[in-house]
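*Asks:* Structure, please.
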Amino acid sequence: MSNKQALRELQQRLAQRMQAAREQPQQANWLAVECAGMPLLFSLLQASEIFTPVPLQTVPYAQPWLLGVANLRGGLHTVVDLAAFLGLRDAAAVTRSEGARLIAINPDLGINCALMVDRLLGLRGAMQAETADAATPQPRFAGGVMRDQDGRRWQVIDLEALARHEQFLRIVA
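*Replies:* Modelled structure (predicted):
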């Protein structure tokens, strides 16, 4: 008899927890990276897998920020040095840091591309949004600025908007 009662209590606790989880607002989940010293956030819904750098096949006549093409899990992906594309460093001065990683863009966004970042900083939960400075023009793929609990500012990169950005899609030099 006590086993049945324990099972019933467990089911009630689980039902209460599931109800509480449904009632809580969803928190944005972010992948935190660093490019040329700048902290950036990618939505986990827009980013896909994380890879260690692999050998690249160069692409002739491509923009300097397009590092080449890589075979990632059997699929060909263009590899973009995100810091060079954003103008945070000169594309001619590209050097792979020891902590460099490739972040694949979610295939649901319709582009086989991976972004080379200098460092992976991990996952981040809820952050405080900051008001945008209207005087500073931003490209569409530059989402808002977020501030974490330690006061550090993070630039959000909208990977869906980046995947449709005209300059990003124009890879021929």
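*Asks:* would you list every one of the helices in the chain?
*Replies:* 2-23, 82-85, 159-164, 166-169 (DSSP state H).
*Asks:* what comes up buried for the last one?
*Replies:* Applying a neighbour-count criterion of 16 or more other CB atoms under 10 Å, the buried positions in helix 166-169 are Phe168. C-beta: built from backbone N, CA, C; applies to glycine.
*Asks:* For the closest residue in space to Phe51 that isn't next to it in sequence, list each beta-bridge partner.
*Replies:* In space, and not counting its chain neighbours, Phe51 is closest to Leu102: 4.2 Å by CB to CB, 6 or more residues apart in numbering. Counting by DSSP bridges, Leu102 is bridged to Phe51, Met116.
*Asks:* Was I right to think Leu102 contacts Pro53?
*Replies:* Yes: applying CB atoms under 8 Å as the test, Leu102 and Pro53 come out as touching, 6.0 Å apart.
*Asks:* higher neighbour count, these two?
*Replies:* Per other CB atoms under 10 Å, whichever of Leu102 and Pro53 has more neighbours is Leu102, with 22 against 15.
*Asks:* Could you tell me which residues make contact with that one?
*Replies:* 50-54, 70, 72, 77, 79, 114-117 (CB atoms under 8 Å, 6 or more residues apart in numbering).
*Asks:* Repeat that for Leu162.
*Replies:* Ile105, Phe141, Phe168.
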